[in-house]
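*Asks:* I need the structure of the sequence given here:
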Amino acid sequence: MPTSPAEPAERDAYLRVRGVTAGYGSAPVIHGVDLSLGRGEVLTIVGPNGAGKSTLVKTVLGYLIPTEGTIELGGKAIVGLTTDRIARMGVGYVPQVRDVFETLTVRENLEMGGYTLPAGEVAGRLEEIYRLYPALGEMRNRHAGHLSGGERKMLAMGRVLMIRPSLLVLDEPTAGLSPQLTHELLREHVTRLAGSDIAILLVEQHAREALAVSDWACVMASGEVRMYERASALLERPDVGDIFLGRTAAPGRG
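*Replies:* Sure thing, here's the model as predicted:
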């Protein structure tokens, strides 16, 4: 059985996933998944392809309904709620692909991100995003389809931040980015957002870089959590390469 670095009751967790089994149709993909995440913390999920990372993300977001287990956000059960309702509870999501509306301008994309806000708050929130990402303000009238990969990802981040999320789910946000942009996104953007008291659930292919800015690490393989501990402790393990590939199943403790 995988072990957690701290029992759920001992942590001030904002997101709690307990015993979750989910999949497509009658075939479960993830089995008995447990994890917890506090405000201002970054939890990175790593593991080989087919480990169940995307299925777990879709289940947290409400795209899939678990057949077993519970998911709580801020102490409130969210299993069975629509994705729109979950978003209105403060859950932001940046998908790996189709993360912007290419035919809309930067400003229009941001306005779409603020669809849950009262109409009178959108303009003020736009200015806050422009202060956070000055480049978006300079490109506000440019169509998203003309942006570079790094600019698109910045816009996707800004769009989801329009709703002032309390939980931000990032699904491989550095996919297709250069090493420099990958470093900037993880070291600057993710770190800054966590510092503003946002809980961040991160699925990332650049495991070492992601864990370097994370508080917790969750290693998945074959649909199960094989390891859950402090990210710093995982990085120090001599078998860390095998762990990322799902070859090491023995749990660790931070």
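*Asks:* which pLDDT value goes with the residue nearest to the spatial centre of the chain?
*Replies:* Taking Cα atoms, centre = their mean, the centroid of the chain lies closest to residue 169, which sits 2.3 Å from it. Among the per-residue scores, residue 169 holds a pLDDT of 95.
*Asks:* show me what residue 27 is bridged to.
*Replies:* residue 24 (DSSP bridges).
*Asks:* and it, how far from residue 55?
*Replies:* Counting by Cβ to Cβ, to the nearest Å, the separation of residue 27 from residue 55 is 11 Å. Yep, even glycine has a C-beta here, placed from its N, CA and C like the rest.
*Asks:* which of the two has more neighbours?
*Replies:* Taking other Cβ atoms under 10 Å, residue 27 and residue 55 do not tie; residue 55 has more neighbours (22 against 6).
*Asks:* I figured the more buried one hits residue 21, correct?
*Replies:* No - checked against Cβ atoms under 8 Å, the pair residue 55 and residue 21 is beyond contact range at 10.2 Å.
*Asks:* overlap in contacts of those two?
*Replies:* Common neighbours of residue 55 and residue 21, counting by Cβ atoms under 8 Å, 6 or more residues apart in numbering, are residue 30.
*Asks:* returning to what we had before: does anything pack onto the helix or strand harbouring the residue nearest to the centre of the chain? Which helices or strands?
*Replies:* Assessed by DSSP states H and E, residue 169 sits inside strand 167-171. Where contact means 3 or more Cβ pairs under 8 Å, 6 or more residues apart in numbering; DSSP states H and E, strand 167-171 is packed against helix 53-61, strand 91-94, strand 199-203.
*Asks:* ramachandran angles for the residue nearest to residue 200 when sequence neighbours are not counted?
*Replies:* Counting by Cβ to Cβ, 6 or more residues apart in numbering, residue 200 lies nearest to residue 42, which is 4.5 Å off, once chain neighbours are set aside. The phi/psi pair for residue 42 (degrees, to the nearest 10) reads phi -120, psi 120.
*Asks:* ok, how many other residues are close to residue 42?
*Replies:* What residue 42 shows, counting by other Cβ under 10 Å, is a neighbour count of 25.
*Asks:* run me through the strand neighbours of the strand holding residue 169, direction for each.
*Replies:* Strand 167-171 has the following strand partners under DSSP bridges: strand 91-94 (parallel), strand 199-203 (parallel).
*Asks:* if you compare those, which one is most tucked away?
*Replies:* A comparison of the strands paired with strand 167-171 by mean neighbour count, using mean count of other Cβ atoms under 10 Å, puts strand 199-203 on top with a mean of 25.
*Asks:* return the distance of residue 112 relative to residue 25.
*Replies:* Relative to residue 25, residue 112 is positioned 32 Å away (Cβ to Cβ).
*Asks:* and these two? which has more neighbours close in?
*Replies:* Neighbour tally, residue 112 and residue 25, criterion other Cβ under 10 Å: the higher count belongs to residue 112, 13 against 5.
*Asks:* which residues does that one contact?
*Replies:* With contact set as Cβ under 8 Å, 6+ apart, residue 112 has these partners: 101, 104, 159.
*Asks:* quick one: contacts of stretch 28-36?
*Replies:* With Cβ under 8 Å, 6+ apart as the test, stretch 28-36 has contacts from 2, 4, 8, 11, 13, 15-23, 43, 52, 55-56, 59, 67-69, 218, 220, 223-225, 228.
*Asks:* if we use 7 Å, what do you get?
*Replies:* 4, 8, 11, 13, 15-23, 43, 52, 55-56, 67, 218, 223-225, 228 (Cβ atoms under 7 Å, 6 or more residues apart in numbering).
*Asks:* same thing with stretch 92-106?
*Replies:* With Cβ under 7 Å, 6+ apart as the contact definition, stretch 92-106 has outside contacts at 61, 109, 112, 136, 139-145, 152, 155-157, 160-161, 163, 165, 168-173, 175.
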